[in-house]
Each structure stands twice: as C-alpha cells, then as structure tokens.
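Colleague: Could you work out the structure for the sequence below:
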Amino acid sequence: MAFKKKNVEKNFLKYKECNEGDIVAEGIFEKCGEDNYGNPTYEFRTEDNKIQVLNSSGHLNYLLNEYAVFGDFCRVTYEGMIKLEKGKRKGKDSHTFTLEIDDEKFDKSFVRDTSKQSKRKELEAEKEPTEVIEEEDLENMSL
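Modeller: From the prediction side, this is the model:
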C-alpha cells in the first residue's frame, strides 16, 4: 500500500511574476477547487510532494478541461501575454500557456476516462434542470 502525505504545503503563483517559458506546474493533476470569488483553481502534486496551485485563466481553463483528466502527469508552461482580437474581451490582455501530458506516467489511483463523450455527459448533466414542473401542478397552485 502506498501512503500519501496529507499535510503538504501549497504554493500559489502569480502569473504577473512569471516570465515567458517558465514551467509553472509539473506534476500529477489532482484536483479542481475554487478561490474566494468562485473562480476555478487547479492543484498539481509535484514529485517532491508539494502542491502547486494555479489560478483560473481562460486559456488554462480551456486546456485543462479539454485535454487533461485527474491523475495525468502534466507540465504547464507560461507563454506570456497576448492581446485578444475577438469576443467580449476584445482588446484585453490574456495569459497563454502550453500543456504537456506524459501518457506513460500517471497516478493509477484515479479513474481514467479520457473520452470526450464522458466530458460532454458531465456538461449536459450540469445544464439539465433539476426539477420539472408539470402544467397540471401549475393549475393547482394557489397564491
């Protein structure tokens, strides 16, 4: 049995302090969380058993949601800032990243379903209403 140390230190990173080409995280993609404002955060366990926490960024969110699953051994590299050319944030600066995944090195304690179909099911389940009210019920309701 392999034990994992639970009381590890977490390292938080500010992207404005990074330079182009800096590796901002390298380790096992373990978990998504939320910061105090409800934005996603991503946790990577490094080989020296520390947790590297990356804050939300549009490009990083896309890369991790589209290509990575929990248990993947990932390397995230900061690629600098670009000016967005379209969309509702047109003209604003945005952080960019490169995501590399080592398919041969991953944590086997995670269930690995890398199919796009499973991610679509999760997204559709979040969008579905939790309770459906029938028209008959609306007629019988009183104010």
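
Colleague: Please point out which parts of the longest strand seen in the chain sit buried.
Modeller: Assignment by DSSP state E gives strand 93-106 as the longest strand of the chain. Buried residues in strand 93-106, defined by neighbour count with 16 or more other CB atoms under 10 Å: 95, 96, 97, 99, 101, 106. C-beta: built from backbone N, CA, C; applies to glycine.

Colleague: Closest one to residue 23 out of these, please.
Modeller: For the buried residues of strand 93-106, the minimum distance to residue 23 (CB to CB) is 10.5 Å, reached by residue 97.

Colleague: who's in contact with the closest one?
Modeller: By CB atoms under 8 Å, 6 or more residues apart in numbering, the contact list for residue 97 reads 24, 57, 59, 60, 63, 76, 77, 78, 79.

Colleague: Now do the helices in this structure.
Modeller: Using DSSP state H, the helices of the chain run over 58-67, 116-127, 135-140.

Colleague: What mean pLDDT does the shortest one get?
Modeller: It refers to helix 135-140. Taken as a whole, helix 135-140 has a mean pLDDT of 57.
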